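Peer 1: Build the 3D model from these lines:
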Amino acid sequence: MTHSHDDDPACEAAHGHLPQGREERTLVAVFASPVAECLLRFGAELGFRPVLFEPDPARGLAGVTAERRVGGWFDGADVVLTDHHRQEIGPVLQELLKTSARWIGIMGSARHTGPHVKALAELGVAEEEIARVHRPIGLNIGSQTPPEIALATLAGLIADRNGRPGGFAF
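Peer 2: Next up is the predicted model:
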């Protein structure tokens with residue numbers, strides 16, 4: 001008995017055939033960090049166009065300011081802030097919320113309110129705009145290390161990309 005696997009996407013993937021007509025997505029990791037490094041490395045392997053956005057010139061993108069960089073290449077992107085302790089969270093998120101970024105999330109625990117909420121409110125950002133920022137991010141798998149956090153985040157974004165319920169619910 002022979003089996004036809006022509007219509008089985010899982011079988012095709014196992015044999016190295018990628019799905020046709022797949023939407024290319026840009027994954028932007030905001031802030032240079034160990035999580036950003038893993039997120040972008042793994043993301044490239046998973047079919048995302050990886051971009052690092054570091055608004056502090058002293059941390060890697062000398063001479064390039066957030067105002068000049070936030071723009072067209074965030075439109076339609078999945079954006080993940082990889083550090084919730086940075087002073088720039090409010091201004092960076094405020095600018096991101098003006099773009100047509102497809103998805104915006106910030107790392108942090110579900111046990112307490114994220115610092116981005118207060119930072120954005122102090123900048124006069126409306127509650128409905130603040131609500132566009134996802135937190136926590138990633139699937140609830142108990143992530144503790146940068147690679148685990150990146151894996152959980154990408155798993156949720158892949159589920160979303162594929163129209164599956166993997167989701168970000170806790």
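
Peer 1: is it true that Glu37 lies in a strand?
Peer 2: No: judged by DSSP: H, G, I helix; E, B strand; the rest coil, Glu37 forms no part of a strand; its state is helix.

Peer 1: Distance-wise, check the closest residue to it other than its chain neighbours relative to Val125.
Peer 2: If the residues on either side of it in the chain are set aside, Glu37 comes closest to Pro146, at 7.2 Å by C-beta to C-beta, 6 or more residues apart in numbering. All C-beta atoms are positioned from the backbone trio N, CA, C, and that covers glycine. In this structure, Pro146 and Val125 are separated by 29 Å, where distance is defined by C-beta to C-beta, to the nearest Å.

Peer 1: Neighbour count: the two, which is higher?
Peer 2: Set side by side, Pro146 and Val125 show more neighbours around Val125, with 20 against 16, by other C-beta atoms under 10 Å.

Peer 1: And the lowest mean pLDDT element among the helices and strands of this structure?
Peer 2: helix 66-69 (a mean of 42; mean pLDDT, DSSP states H and E).

Peer 1: That helix: what's the following helix or strand?
Peer 2: Downstream of helix 66-69, the first helix or strand assigned by DSSP states H and E is strand 78-81.

Peer 1: Please identify the helix or strand for Gly43.
Peer 2: Secondary-structure assignment from DSSP H and E places Gly43 in helix 34-45.

Peer 1: Quick one: list the elements packing against the very next helix or strand once past that helix.
Peer 2: For helix 34-45, the following helix or strand on the C-terminal side (DSSP H and E) is strand 48-53. Of the remaining helices and strands, those touching strand 48-53 by 3 or more C-beta pairs under 8 Å, 6 or more residues apart in numbering; DSSP states H and E are strand 25-30, helix 34-45.

Peer 1: Kind regards, and thank you for your time.
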